[in-house]
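K.L.:
show me the folded form of this:
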Amino acid sequence: MDKRIITEYNLNLIQKIHVSIILGIGFSIFFLIKNSLLTDFNDSLLFLLLTIFIIGMVSLVMSRLGLLVRDNSLYRAYFVLGLLIYKQNIDLKNKHIVSILKLKRANGMPTVGLASPQGVDSFYKFFVYLLDKSHTEKTELIGVKKFQNAERIVAFLQEHLSFHYELYSPNFDLRNKR
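P.N.:
Just a heads-up that it's a prediction; the model follows:
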C-alpha cells in the first residue's frame, strides 16, 4: 500500500500570479478565435482545447509537493486535491541518513516599488536531504518553507523507510579511506 505525505504548494504567490496571467491570455485568445479571427474552427474542438487548458493551469496552481513510499521505493510526488499526478523515483543507494539544511533564498519580484527598489524578497527554506554515512554525497528530497513540515517529512521517512536523522557534518576523511 502507498504511504504519502503532502506538504506545501508547489508554486509561490508570484508564480501563481504569473500562471493566472497566462490563464487570462488563454481566455482572450479563445474569445478572439471564437468571435472573428478564425471562423472555420470547430466550436466543440475549441471548447475542448479551452477546457484542457483551464484544467491544466488550475492543476498547476493547486499542485502540492509531497513524498510517496511504494514497495520500499521513495518518490518525489506532485498532488492535486490529494490525487497523485506525477512521481519521480529517488535513488536510495548507500543513503540511510536524513538531514535538514536551512538555506537562505530570494524571490525576485516582477514589479519595483519605492519601499524595496530591488524588488527582492528573501526567506529561509528548509531542505531535506538524504546522505551517505560520511555525509559527502547528498540527494535533495524536498524543500519547504516551514520547519515543522521538514520535521514531519523526517518523521515520515524514519517511520516508513527506517532512516536515521543526523546533523549535516561532512567528514571527507571517511570518503578517502575506502
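K.L.:
for the chain, give me the ranges with low pLDDT.
P.N.:
Under the criterion pLDDT under 70, the flagged ranges of the chain are 36-43, 106-121, 170-178.
K.L.:
and if we set it to 50?
P.N.:
112 (pLDDT under 50).
K.L.:
for the protein, what spans make up the strands?
P.N.:
3-9, 64-70, 73-80, 83-90, 97-108, 120-131, 138-144, 164-165 (DSSP state E).
K.L.:
adding mean neighbour count, write the ones you listed out as JSON lines.
P.N.:
Placement of C-beta: from N, CA and C, glycine included. Compiled in JSON lines, the strands of the chain are given as follows (neighbours: other Cβ atoms under 10 Å):
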{"stretch": "strand 3-9", "mean neighbour count": "16"}
{"stretch": "strand 64-70", "mean neighbour count": "20"}
{"stretch": "strand 73-80", "mean neighbour count": "18"}
{"stretch": "strand 83-90", "mean neighbour count": "13"}
{"stretch": "strand 97-108", "mean neighbour count": "14"}
{"stretch": "strand 120-131", "mean neighbour count": "16"}
{"stretch": "strand 138-144", "mean neighbour count": "18"}
{"stretch": "strand 164-165", "mean neighbour count": "12"}
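K.L.:
dump these into JSON lines; add distance to residue 30 as well.
P.N.:
Below are the strands of the chain laid out as JSON lines (distance: least, Cβ to Cβ, whole Å):
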{"stretch": "strand 3-9", "distance to residue 30": "27"}
{"stretch": "strand 64-70", "distance to residue 30": "28"}
{"stretch": "strand 73-80", "distance to residue 30": "23"}
{"stretch": "strand 83-90", "distance to residue 30": "24"}
{"stretch": "strand 97-108", "distance to residue 30": "30"}
{"stretch": "strand 120-131", "distance to residue 30": "33"}
{"stretch": "strand 138-144", "distance to residue 30": "35"}
{"stretch": "strand 164-165", "distance to residue 30": "51"}
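K.L.:
and those: which comes nearest residue 153?
P.N.:
Residue 153 lies closest to strand 120-131 among these, at 5.0 Å (Cβ to Cβ).
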